[in-house]
Every structure is written in structure tokens, then in C-alpha cells.
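# structure, please.
(one chain, ligands or ions: 1)
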Amino acid sequence: IVASMTMVLYFLPGCTFTKPVYPLSTNGKLFPWAQFRLPRSVRPVNYDLTLNPDLNNMTFTGRTVITMSVLHNTKIIVLHSAHLNITKATFKLGDQETRDVTVLEYQTRQQIAVQLSEEMKAGQSCVLTLDYSASLSHTYDGFYNSSYIDKEGNKRVLAATQFEPLSARKAFPCFDEPAFKATFLIKISRKSNYTTLSNMPQVKSTPLPNGLVQDEFEKTSVNMSTYLVAFIVADFTPISKNVSETLVSVYSVPEKKEHTDYALDTASKLLEFYNSFFEINYPLKKLDLVAIPDFLAGAMENWGLITFRETTLLVGNQSSPLEKQLVASVIAHELAHQWFGNLVTMSWWNDLWLNEGFATYMQYMSLQTVFPTLDIVTLCFTLLRFRALDKDALNSSHAVSTEVNNPEQVEEMFDSVSYEKGASILMMLNTWLPGKQQFRKGIIQYLKQFSGLNTDTDDLWNSLTQVCVCVCVSAQHHNVSEMMRSWTSQKGFPLVTVSRQGGQVTLTQEHFLLTSDKATYTSSLWNIPVTYVTDNCSLGPECIQMFNLKTKSGTLELPESVKWLKLNYRNTGFYIVHYGDEGWAALKDALSSNVQVLTQEDRASLIHNIFALSRLGRVSFYQVLNLLKYMSNETESCPVTEALLQLNVIYRLLDKRQEDSLHYILYRFGSLMDNQTWGEEESVSKQELRSALLGSACSLNQENCIQQAKALFKHYDESNGTSRIPGDLQQVVFTVAAQSNEDWLTLLHMYQTVTYDAEKRKMLRGLASTQDARRIVWILKAGLRGDIIQTQELPLVISTVCNGFAGYLFAWDFIQENWDRLIEKFPIGSYAIQTIIKSATSQFSTQAHLDRVQGFFSSLKERGSQMRSVQEALETIRLNQRWMDKNLPTLQKWL
Ligand SMILES: [Zn+2]
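Predicted structure coming up:
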């Protein structure tokens, strides 16, 4: 992290006869390599890793023996190392004697090098042995220390790893790029009352003279990238089960063992599913899923040793189906990675979507098949894809597969374009390919062909094209590569505009770009697999009609009698549709007389699209409100949640300007809100619907809602743990409780004592939603300190504080004042920093704020000014400003 802060970009001179400018090593000598990426002349074959962590002093020593093979004649070996103090280095080439060598270090790029006097020849093998010492990391990456308080109130320490994307180098010197796959043999020493875990099963334990025990793990049976290596030293306890050839275990701190059953059962079912779906068995003998008390990401797919936050793995007896669903979907995602990412890995971070887009897609796909009762799966995915569209509509977005040339850019790839847009275009492709099994056959072919290797985006499209060409002879026009490249090689997505004259329907495409700046106009075109349904047949898959729009515009024929058409059936395509005034009016009339004429995903996509078009300036806000009139008849969670979410964005903007606003929401949703119950509810989709509706009702201070929530909290508090609040209502109840002086303190006390983390997190969101300025400042500071509130929760605290009127300016000040400490905890460009910037700035809509935000970020220089999320923030404020200028006067008249 420190290195990325002081990152200096070196650009190599363009002309080949100029020598590269070599930087200086720490010892003052020239460092023999001047690029961010490592040379390809030497390749690691195996690492022998010995680690001796000292959890009392928070340090460790290590020895790494790297066996390498020479691919091209060379005199240098360059690899990664960060914050490691190398104490001894020896080198052996072929059969020669082992000798001492000097290691040069260039800290800015986290590289070390050994320069040899003679040239190594292609085909030779060599061994580099490095002894080193280091401190355990106090952030969330590398080999880091973590702790928790046990039942007796004692602090227990542990150490765990998080290497993706660039932190394996903080634990051992290595070729830390995904294409340098190798085998690993790992040994770790520990105190006798601790256990160790790593990617592979343990083979032996040996007592050491110093009273410690050394555990040795089997050498990895597969070649793997460094970012997938993992080890843990802790006092966790497991539960286990055999699934075909694999021993599946779930580990947690001892007192949470009773919360692990659901995860074990779910992981076992999903492992069986993937084994048969991919027609390749999971290749390792064991699979551990470990809940770590202090963990920043949601989870990490380390091969054979998947790590999780406690909230994404543990399920209490009282957990609601919604919480179970979160756990199931995170497990499904990480298990999918064991094939997509671990077995077949992207060659470089520019194609991160091959890992993340696939795992995200498979996560929803597998859950639908394995747990069809979790009916909400479709809903979440639909709404998530809307958020990816919103981000991708900005000029600051990037192509799915895009250039990545420094550590910040690597971190920034972990965003909704790689995850949700990646998953969306796979879904679009799957819908479009003829026959149910086509897509699956293509990915099986891809996995088999590249098993153990690295790939780029074209390899995937080629595999899918091959399968398609040989299976569907009659449909040669289905060239997957040709179609999909238009979705992965350029940023953004198309807006398809429909204009109809009788039976003739013209579809026109253009780049949906939210900007008022004419200079950013692009002539991008996409190969769009348009689907549509009409009032003749609009619900089942048999109704789908297809039209391939490759050029600027195209025409399709409809019977004149067709009253309306809806494009993008069930929102499986990654584009937005404008139906023109008449088209929108016809759809609105159809929904007003019967909401059931379209699927709920179609209804939700109409709502999302019309809000987006209003932001683009293509429809008036009056038209948006007009469509929402049908809402009083809406019953499903997907359209309701989307509408509330969109209105909430506007509500928050108006609120920050102290404009008395959207009580209109209550008017449209009033009867729906009143119909919600406060008892236990079994159906997942009803739970989702009611938590969204009641959340809005209470935040708009609807009297009945507030009273019910207060009563539930009181009952819960007085029952001394015997009564419970239904899981889906906890958030609403805690948020209401936190608004009262006394109950806020009660809630803080509960937060400190409750063990179940999903509930704890909702309490924290409640606490952070207070409108008391002193408490807001306190909670922000506590999140940064990390004692009462874990620092991993700070992004959540900031985003909650920013939603309210009382806190958003405090949060913005807090971020500016503590920027350096924030980027020490959360790397520049990381998802956590993206979240923090977005929450703090997306509430602004005035020129004065735009200037301040711009001023602050440009003053940061190499400490973050170049981040894509900064560009995104500035664009968003400008768009907010434009929207307000245009719509505020009218809104003030209506509302
Ligand atoms: Zn992932």
C-alpha cells in the first residue's frame, strides 16, 4: 500500500534505440529492470515456503526456495517483494555450486532482482533461496494479524492471509503475476494450542527444538497463481463432511461453531452441482471454508481454503431466509471460482472479468438450480445489473477488458463492470445462443482446453464459437466472437430507440452516455441481440422474438394490430430502451389496466429505463411520474424495490437542498405500505418487498410505521433475548430505534454484546443513521480507530451517515481530514475506497460542492487523484446539478 502511494510512473522512451531509464535500487546501484510487469525470461516452477509467525510480537521470518526454469537467455532474475527484509540470498544454476548473491531492491515497484555475471541459457533450471523477516501486516492484506474477543472476554490473536490482487509479495518473495503459475510446498510453525491451515491437506507435524510445532502441507497437486496461495494460524474449530472425493470443512472461532451447519450443507450441495455441471471434478482432496473475524472483502476464493467475513458464512438459528440467501450466494460465487479463476486464470488483471463476471453469473445460475426456493435470486441479480448500467453510463467507465498498467488500476478492476456487467453479457449470450446446452457446452470446452493455464477474453469467445459452429450448422451467423467483442472491447452500452409507423418498427442504436459535453460523443456500435414481446404474447419464453441489430438502425415488421411492444425480454440484455412518447404511453396504459401483462423483471426494467432516460434528458420527469401511476397496483418486489430506490436517490438530493419533497412516495405506495404485516413472514420475496416498503415508510416518518417499529424494539429489549425481531424487519426497527436518544444507547450496548454478525451489522447501520451530530462524529472516529467498531465496517458506516441530512457534510470533512489514514487501511483504487468516495460525493448537486470536491482530489496528486472513482464522482455531481436545474422548478410546483 505504501508503495502504491508513492507510485511513480515510468514511461519507457518510444524509440527502440534509446536505452530504458533504469531506476536506482535501495543500495544506490542501478536496478536492472524498468517496467511494471516482470520479464518473461525466467519462470517459477515450484516454491518451497517455510514460515515462522510470532503472534505475540506480530512478526514473522520466512525462507522461500524458488525453483525456476529459464525460457530465454538472460543475466537477470526479477521478482516481487514488498516490506520484506531479506537477510540472506543464495543461488544455484544447474549442477553448479550454491553461492551467495546480492539482491537489489526497487521499492517503488515492489521488485527485487538478482544480477548474474554469466548468462543463463534457455532450458536451464536454477534455484534461488531467500531468507527474510517482516512484520505481520496491520491492514487487511498480505500476511496480517487479526484478533477477536472470546466468550470469557479474552483477546485471541490469529494470523491470516489475503493476497488478491497484489499482496502475496508481502508474505514471500515471488513472481506475483497471475500468469506465473507454479506448485507450492508450505510449512508453518505454531504454538501447540493453535492450528494451521493452507491450500492443501496437512501431511505431518514435527516438534521443533524451541517448543513450537511445524506443520507441513502436501505440495499442491495443481499449478496455481500466487494470489490464490493462503495460510492461517488460529484456534478455529471445524465441522466436516465428505462430498465425493473431497473433505469439505467449515471453520469458525470456537463459540460460533453452532452457526456453521448451513454453510457446510450449502457448500456440499454446490460442490456436487459444479462437479457435474462443469464435467470436471474439483481437483483437491479438501475444501475448507473459514470465517475470519476481521476481513475486508466479502470472501476470497483461495484454492482449497476459501476465506469469508463472518457475515457471509455464518448463519444463526434465528437467521432469516434473506440472510441465508446472502451466505448461499457468496459460497456459490467462491466455489465457481475454483474453476473460473483457479483452474483457468486470466493472463493479466485487464481480463479480471473472466474470473469475476463468470463467478457472478454462475452464482445466480447455480442457486436457481440447486435452491429453487430462494426465489429472490433473480430479483437481486436484476437490480444489481441496473446498478452496473448506471455506472457504465458515465464517461469515466471502462471497457470490460481494459488496459491495466499500475497497481491502482489493478485495484480498480474490482468494480461492477468486471462483476455485474461481465455477468450480464454472459447472461445475454446464454439467452441468445440456440438450444439450452449450447452455452454450457462452450464453457466446458473452454475449461477443458485451458485447464491449469491462463487465458484472455478472445480464448473464451473462440471456445464458444467453436462449439456453436460445429453444433448449429444452420446458424452460421451466430459468430460469438464477432458479437461479444463489441461488448467487451468498448466501454458503455447502447440505447435502443424504437419508432413505429403502423407495422414498421425502426430500431436505432447510439451510445447511452450521460454527459452534456458534446466533445465526448462516440460513434460506438454494438452487435445487439434484441429480444422483444408484444401484447399478443408477452409472458413465457415462447413469446420471445429476436432481432439482431448490428448497424446504426434496422427495421422489423409487426402486425398492425399490435398495440405495444416491450424490448429486452426479462431484462436479459445489457441495454436501455426508449419507446418514444407513444410507445411509453401504450405500455403505461397496458400496465394500468393489468400489471400481469409483463413479467416483474420487464416491469422493473421499464422503471429503471425511464428514470435513466430522464437523467439523460430524453423524457421529462412528468413522464416518469406518469408511468409510476400504475404502481398502486404493483405487487412484486422487483419493480417496487427499483422504483423506491430510484425515488430515494432523488429524495436524498432534494433533502440535501432542504427541499420539502417526495411525500409523493407515500401517495403512490400508500396502500401497499399499509398492507404490510409486522409478524413472521415465510416467503422470501414478500420479505424483500416489505423490508423495502417499510424502510421507506419509516424513513419518511410515516406515523404507523414508526409506532410499530418502536413497539417491536421495546418488546425485543425487554424480553432479554427471548423474543426476536423477524430478520427482514431488523434493519427498519434498529434504524427507527437509533433516532431516539435513549434507544440509541441501548442499541450501542446490544451491538457490543450480540455475537451474531448479520444482526450486529444491522445494528451498526442503525447506529450510523442517527441524526445527532455528536454521535455521527463519534461513530466515524470509532470506525477509524477500530476498537468498538471494526475498521472493516467503516465504508458501511460512511455510506449510512451520508444518506442522512445531518451527517453528509461531516462525513465529507472526515474523509478529507483522514485521507492518509484511510488509504493506509484501504488501498487506493480498492472497492472500499470506491465505496467511500461514491457515498460521500453522490449527494452533492451544487457548483460550490463540485469545486470543493475537485479541489480536494486534485490536491492529492499521487495519493489518489488519478482514480477512476474520482472522475465518476465529479461527473455524478455535474449530472445531479443538471438534473436539479432542469427539474427542481417543476417539482416544486407539483409536490
Ligand atoms: Zn469473485
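
# which phi and psi values does Ala336 adopt?
phi -60, psi -30 (degrees, to the nearest 10).

# cool, and Thr206?
Given degrees, to the nearest 10, the pair of backbone angles that Thr206 has is phi -120, psi 130.

# so it versus Ala34, what's the distance?
The spacing between Thr206 and Ala34, counted by C-beta to C-beta, to the nearest Å, is 44 Å. In short, each C-beta sits where N, CA and C put it, glycine included.

# looking at those two, which is more packed in?
Remark: of Thr206 and Ala34, Ala34 carries more neighbours, 17 against 11, as counted by other C-beta atoms under 10 Å.

# write out the residues of the protein neighbouring the ion.
356, 359 (C-beta under 5 Å from the ion).

# how is the chain carved up into domains?
According to automatic domain parsing, the chain comprises the domains 1-235, 377-488, 494-629.

# okay, those domains, which one's buried deepest?
Most buried of the domains of the chain, by mean neighbour count (mean count of other C-beta atoms under 10 Å): domain 377-488, with a mean of 20.

# and the average pLDDT for it is what?
Averaging pLDDT along domain 377-488 yields 86.

# what is the end-to-end distance of stretch 252-269?
End-to-end distance of stretch 252-269 (C-alpha to C-alpha, to the nearest Å): 20 Å.

# and the contacts of it?
148, 150-151, 156, 234-237, 239-241, 243, 248-251, 287, 289-291, 293, 310, 313-317, 319, 324, 327-328, 331, 335, 370-371, 755-756 (C-beta atoms under 8 Å, 6 or more residues apart in numbering).

# before we move on, what about stretch 83-100?
2, 62, 101-103, 105, 112, 114, 116, 120, 124-135, 137, 142, 169-170, 172-173.

# check which helices and strands the longest helix anywhere in the chain sits against.
Ordering each helix of the chain by length in residues (DSSP state H) puts helix 868-894 first. Counting contacts by 3 or more C-beta pairs under 8 Å, 6 or more residues apart in numbering; DSSP states H and E, helix 868-894 packs against helix 600-616, helix 621-628, helix 637-656, helix 831-841, helix 847-859.

# now do the last one: which elements does it pack against?
With contacts taken as 3+ C-beta pairs under 8 Å, 6+ apart, helix 847-859 sits against helix 868-894.

# what about the residue in the stretch 101-250 of the chain that the ion sits nearest to, which SS state?
Among the residues of the stretch 101-250 of the chain, Glu164 lies nearest to the ion; the distance is 8.7 Å by C-beta to the ion. The three-state label given to Glu164 by DSSP: H, G, I helix; E, B strand; the rest coil is coil.

# helix, strand or coil for the closest residue to it other than its chain neighbours?
Excluding the flanking residues, the one nearest Glu164 by C-beta to C-beta, 6 or more residues apart in numbering is Tyr227, at 4.2 Å. Assigned with three-state DSSP, Tyr227 falls in the helix class.

# so how far is Gln162 from Tyr227?
10 Å.

# could you say which helix or strand holds Tyr716?
Under the criterion of DSSP states H and E, Tyr716 resides in helix 703-718.

# buried sites along that helix?
When neighbours are counted by 16 or more other C-beta atoms under 10 Å, the buried residues of helix 703-718 are found to be 705-706, 708-710, 712-713, 716-717.

# next SSE downstream of that helix?
From helix 703-718, the next helix or strand downstream (DSSP H and E) is helix 730-737.

# and that following helix, what other elements does it pack with?
Checked by 3+ C-beta pairs under 8 Å, 6+ apart, helix 730-737 has helix 684-699, helix 703-718, helix 741-753, helix 757-768 packed alongside it.

# just want the angle from that helix to helix 741-753.
Relative orientation of helix 730-737 versus helix 741-753 (axes from the mean of the first three to the mean of the last three C-alpha atoms, to 10 degrees): 140 degrees.

# pull the CA atoms of helix 730-737 into PDB?
C-alpha atoms of helix 730-737 as PDB (Å, rounded to 0.1, in the frame of the first residue of the first chain):
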ATOM      1  CA  GLN A 730     -34.500  -5.800  11.900                       C
ATOM      2  CA  GLN A 731     -33.000  -3.000   9.800                       C
ATOM      3  CA  VAL A 732     -36.100  -0.900   9.900                       C
ATOM      4  CA  VAL A 733     -36.600  -1.500  13.600                       C
ATOM      5  CA  PHE A 734     -32.900  -0.700  14.500                       C
ATOM      6  CA  THR A 735     -32.900   2.400  12.300                       C
ATOM      7  CA  VAL A 736     -36.100   3.800  13.900                       C
ATOM      8  CA  ALA A 737     -34.800   3.000  17.400                       C
END
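
# so that helix versus helix 684-699, what angle?
10 degrees.

# by mean pLDDT, flag the weakest helix or strand of this structure.
helix 2-5 (a mean of 32; mean pLDDT, DSSP states H and E).

# neighbouring strands for the following helix or strand past that one, and are they parallel or not?
With elements assigned by DSSP H and E, the helix or strand that comes after helix 2-5 is strand 42-54. Strand 42-54 has its sheet partners listed here by DSSP bridges as strand 59-70 (antiparallel), strand 183-190 (parallel).

# can you tell me what sits against the shortest one?
When you say that, I think you mean strand 183-190. 45-53, 196, 198-200, 208, 212-224, 229, 231, 233.

# how far off centre is the helix or strand following that strand?
Downstream of strand 183-190, the first helix or strand assigned by DSSP H and E is strand 195-198. Relative to its parent chain, strand 195-198 has a centroid offset of 27 Å by C-alpha atoms, centre = their mean, to the nearest Å.

# let me see the mean pLDDT of strand 195-198.
98.

# which residues touch that strand?
186, 188, 190, 202, 215, 217, 229-236, 251, 288, 290, 304-305.

# so what strands line up beside it?
Counting by DSSP bridges, strand 195-198 is paired with strand 231-234 (antiparallel).

# so how far is the strand it pairs with off the chain centroid?
On C-alpha atoms, centre = their mean, the centre of strand 231-234 falls 25 Å from that of its chain.

# can you check stretch 447-456 too?
The answer for stretch 447-456 is 23 Å, by C-alpha atoms, centre = their mean.

# repeat that for stretch 259-271.
Worked out by C-alpha atoms, centre = their mean, stretch 259-271 lies 22 Å from the chain centre.
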